[in-house]
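Asks: sequence first, predicted coordinates after that:
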Amino acid sequence: MSGLAASPLALAPMDLIVPTDRGLYCPAGDFHVDPWRPVDRALITHAHSDHARAGSDLYICHRDTAPVLRRRLGDVTIETVDYGAKLARDGVEVSFHPAGHVLGSAQIRLVHRGKVWVAAGDYKLENDGVAAAFEPQRCDVFITESTFGLPIYHWRAQAENYAAIDAWWRDNAAAGRASVLYAYALGKAQRVIAHVDASIGPIVCHGAVEPINALTRQAGIVLPPTRLVGEIQHKRGFAGALIVAPPSAAASPWLNRFGDYSDALASGWMQVRGNRRRRGLDRGFALSDHADWPGLLAAIEATGAERVLATHGAVGPLTQYLREKGLDADVLPTTYGEEEADDTSPPEGEA
Amino acid sequence: MKAFSDLYRRLDSATSIRAKQAALTEAFAAAKGDPTQWASAAWMVYFLAGGKPRQTVPTRLLWRLAVEGTGLPEWLCEECYSNVGDLAETLSLLLPEGSAGEEVSLDRWMRERLLPLAALDEEERRQRLKRWVEELPVDQRLAFFKLITGELRVGVSRLQVVKALAEVAGVDESHMAQRMIGYARARRAPSADDFEALVGEVAHTEAEALDAGRPYPFYLAQSWQGPVETMQTTLGPPSDWIVEWKFDGIRAQLLKRGDDWRLWSRGEELISESYPDLEPLARALPSGVALDGELVVLVPPEDYSGDSLDGLAPFASLQQRLGRKVVSDRTMRELPAGFVAYDLLEIEGRDIRGEPQHQRRVRLEGLVEETLGAVRARGDRLPLRISPTVSAEDWTGLAVIRDQARALGREGLMLKAREGAYGVGRRKGDDRSKVWWKWKLDPMSVDAVLIYAQRGHGRRSGVYSDYTFALWSAEEGAPDRELVPFAKAYSGLSDAEMGEMDAIIRRTTVETFGPVRRVKPTQVFELGFEGVAKSNRHRSGVAVRFPRMLRWRRDKPVAEADTLDAVRALLPARAEV
């Protein structure tokens, strides 16, 4: 059982969710949400490694998250739920609702003694056709991410990004070059694969991406055909191909097999030039699975919440801005957002 | 404006120097072929070469534009700025999109819109800016704000601009460098004629004039790494050598031909315009002279009389003058440039590089004495010094002299064969007796603690190989003792060690911000460096030159790493300058 660590924030004793050294904890229901250390019962919003960590006795998550969780954490005990279904945990009503972030991602809604809390995990408002579309939940307290909680982050419509990726791929293909696109293995990769113009050339995936493609197809999502990099024997087989790899593959010897290539990263961080330049990438596409600034504000507004707690990202600016707008907003310290890229490292033995 | 904006974005996304070069060359070539583009191309070259027009919009007004245009609180705009690190980019990301209006050429933007702003009151300027931003296509906004802030920050050097123009014009690079003289002068408004003159062919008369401004290829020294004991057998007696100090400045050639003078750096970059304080010296030299020497900052004391090196400032002072395209009177007063001459390559218009070193030295001494004598008679002084020679009976004696270099703010000694000619480039191997040797001091070193790591580039790409090191703020046991970052280094480890470190860094990461990992302090390295200077920009209060890893101190616990005092103790006594 997790000890309740002294919190730096004086949260009221009635709070449905409190921060502890193991993660966000619900004392009334005796469970954690996305804990960063092992606990008895872990409710998981989505399968990215900063939200779903190893070592807990029982994991409770959406049906489509379970296969990814198993793949990443091994043979763990998982209870699955569908969106909207209500579970009872020691008098706390729990339900999962689409967060639009990645396949199986959920906002976790808790009701206890008439108060509604929603822990949104990571989310975005735009429907990407792979993750179930975000559904706003009315609540009293909204626990939000703030990865891109600054007004410089406002995304262009996703269709523009897909068109830009297609144009880049097409130019490279015409020049006989491979196009290496870095995208998080779970979520961004499938989203890109689902929306690029597959008639431009073959789509070839890194060993960390291809298994997630298979799980995505099993969940009923249609993706164009993809192949594993290792199946292609000759360099010339990559000319004109779109190669989808996790960001950790950037600047690694793994790329040597592709001959002449251009590389690009699909990530919200690419909105700022310095981020792309520091990485030495040819291109950056500001395509994100997180809400941008207008998205965060719209999501918060739609909940009708009087109190907003921000867990990770640019939490300072967002909460101060909300306070100036008259909301009760504060920071809820977590370890989320760290090393999101590393959940895409290939498991051993794969390339 | 579209051409400039497109070029800007292409340069910005180019990841190699070659790609940048290609982008510049193509843009200039396209402009050359279309006279209607010349005026705008003239501005393009101006900005890329570092030219700055009069500031037409104060930064304060840009902030007002941001706050009013977005309806956001000012602190939030500032927060955004600190995240982006570039005002022009912050503005282009923050301001709401408008509807694109007609294309306005860069030349018209400058002449008809931006430059006239200076004469208007703030309110009128604000309204015009607001309207223009609304009419500007979104993808041109960044380039537009760059024109206003004047900080292109697109990683293009003036030398690259010269190279691209030389290629487009089909002329020699050193010729193009001379054509560019004065081009990027502050507050100048270049015209179509200027661009035409840059990319046009070289007429015969111009060619002669340009040839007259060319430097000689620099003769480079080899590095003497061997022990003192072997010097007698390899190099012969010290009396075969002219021995001088190795100065810590910028190698340069000062040419005077006809009434014109040129200062070229070792990278064959023409830098005369950055050192106007050398003009009186150049005027005092006879025509047909080429001096080789060290560009330094020299602040002679009030009672200065002779030709001593008193007032030679450390490299950190010179560093403040490097890369400045606009030199203020204040800069010249506080950081005056000087020239320490150590070779004479041309006299009376005659190339004397083939003469033996000792003969050139005699001529050089004569020339310097004559030049300084003439102005001294008028009660004037010039920032010209001769590089003094030192001597000793044997190499051990010279080694003792060399050990004084650090205290004098110098790097070591130079050995020049008395009978040697002035060669071309760096000669390796073959003849060890008729060359130039640099005999540098061993680097200074401290034991420092690794605290941040970042992935490297090139051969080190992908592994955490770029490190930030810290020293203790106080001795062990002192209250509030902490690690203070003091230097970055990324060379000195073997590939195997780098791989090992990479794993350690991943394992001990405490936090990441952007590409940087903060690690738990567990590893100590012996860091070597060439010099120390005081610095207000570094929290440690010191800046070191050429820091590199000498040794991985696996044996040393973190608590036993050095303190900042260990580095401060290495500051030269005269670093106060």
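Replies: Nice, thanks for sending it over.
Asks: ok, residue B:256 touching residue B:285?
Replies: Yes. Under the criterion of CB atoms under 8 Å, residue B:256 makes contact with residue B:285 at 4.3 Å. Every residue, glycine included, has its C-beta placed from N, CA and C.
Asks: and residue B:567, which of the three is it?
Replies: Put simply, residue B:567 is helix when judged by DSSP: H, G, I helix; E, B strand; the rest coil.
Asks: run through chain B and note the low-pLDDT ranges.
Replies: B:304-307, B:323, B:325, B:426-431, B:457-462, B:514, B:573-577 (pLDDT under 70).
Asks: return the residues of it in contact with chain A.
Replies: Residues of chain B lying close to chain A (CB under 8 Å from any CB of the partner chain) are B:12-13, B:15, B:70, B:72-73, B:75-76, B:79-80, B:83-86, B:89-90, B:93-94, B:455, B:457, B:461-462, B:509, B:511-512, B:514-515.
Asks: how does it look with 6 Å?
Replies: Within reach of chain A by CB under 6 Å from any CB of the partner chain, chain B has these residues: B:15, B:72, B:79-80, B:83-85, B:93-94, B:461-462, B:515.
Asks: among those, which are located in helices?
Replies: If you go by DSSP state H, the residues of chain B next to chain A have B:79-80, B:83-84, B:93-94 in helices.
Asks: can you name the residue of the stretch 1-150 of chain B nearest to chain A?
Replies: Residue nearest to chain A within the stretch 1-150 of chain B: residue B:93 (4.2 Å; CB to the nearest CB).
Asks: skipping adjacent residues, who's closest to that residue in space?
Replies: Nearest residue to residue B:93, sequence neighbours excluded (CB to CB, 6 or more residues apart in numbering or on different chains): residue A:152, at 4.2 Å.
Asks: what's around that neighbour, how many residues?
Replies: Residue A:152 has 23 neighbouring residues, counting by other CB atoms under 10 Å in any protein chain shown.
Asks: still on that earlier bit, what is the neighbour count of the residue of the stretch 1-150 of chain B closest to chain A?
Replies: Close neighbours of residue B:93, defined as other CB under 10 Å, add up to 21.
Asks: walk me through the domains of chain A.
Replies: As assigned by automatic domain parsing, chain A contains the domains A:18-152+A:289-344, A:158-285.
Asks: now swap in chain B and tell me
Replies: Domain ranges of chain B: B:219-440, B:444-568, per automatic domain parsing.
Asks: quick one, what contacts residue B:222?
Replies: residue B:437 (CB atoms under 6 Å, 6 or more residues apart in numbering or on different chains).
Asks: actually residue B:67, not the one I typed
Replies: B:74, B:77.
Asks: quick revisit: so can I have JSON lines of the domains of chain A showing mean pLDDT?
Replies: Conversion of the domains of chain A to JSON lines gives the following (pLDDT from 0 to 100):
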{"stretch": "domain A:18-152+A:289-344", "mean pLDDT": "93"}
{"stretch": "domain A:158-285", "mean pLDDT": "94"}
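Asks: and those: which comes nearest residue B:540?
Replies: Nearest to residue B:540 among the domains of chain A is domain A:158-285 (23.6 Å), distances taken as CB to CB.
Asks: for the closest one, how far is the first residue from the last?
Replies: 10 Å (CA to CA, to the nearest Å).
Asks: equivalent analysis for stretch B:509-524, please.
Replies: With CA to CA as the measure, the ends of stretch B:509-524 fall 16 Å from one another.
Asks: check which helix or strand covers residue A:138.
Replies: Under the criterion DSSP states H and E, no helix or strand holds residue A:138.
Asks: repeat for residue A:326
Replies: Applying DSSP H and E, one finds residue A:326 in no helix or strand.
Asks: residue contacts, residue B:27?
Replies: By CB under 6 Å, 6+ apart, the contact set of residue B:27 is residue B:7.
Asks: tell me how far it lies from residue B:271.
Replies: 25 Å (CB to CB, to the nearest Å).
Asks: swap in residue A:197?
Replies: Here the criterion is CB to CB. By it, residue A:197 lies 51 Å from residue B:271.
Asks: neighbour count winner among those two?
Replies: Taking neighbours as other CB under 10 Å, residue A:197 and residue B:271 compare with residue B:271 leading, 21 against 15.
Asks: wait, doesn't the more buried one sit right on residue B:263?
Replies: Yes. Judged on CB atoms under 6 Å, residue B:271 makes contact with residue B:263 at a distance of 5.3 Å.
Asks: ok, how many other residues are close to residue B:18?
Replies: Other residues near residue B:18 number 9, with proximity taken as other CB under 10 Å.
Asks: report the contact partners of it.
Replies: Listed by CB under 6 Å, 6+ apart, residue B:18 has no contact partners.
Asks: how many neighbours does the residue of the stretch 1-150 of chain A found nearest chain B have?
Replies: Closest to chain B within the stretch 1-150 of chain A is residue A:150: 5.4 Å, counting by CB to the nearest CB. Counted by other CB under 10 Å, the residues lying close to residue A:150 total 29.
Asks: who touches it in this structure?
Replies: Residues near residue A:150 by CB under 6 Å, 6+ apart: A:314, A:317, B:80, B:83.
Asks: neighbour-wise, which of the ones in helices among the residues of chain B next to chain A leads?
Replies: For these, neighbours were counted using other CB under 10 Å, and residue B:80 has the most, 25 neighbours in all.
Asks: hmm, residue B:91 and it touching each other?
Replies: No. Using CB under 6 Å as the test, residue B:80 is too far from residue B:91 to be in contact (9.5 Å).
Asks: any idea whether the residue of the stretch 1-150 of chain A closest to chain B is helix, strand or coil?
Replies: Assignment for residue A:150 (three-state DSSP): coil.
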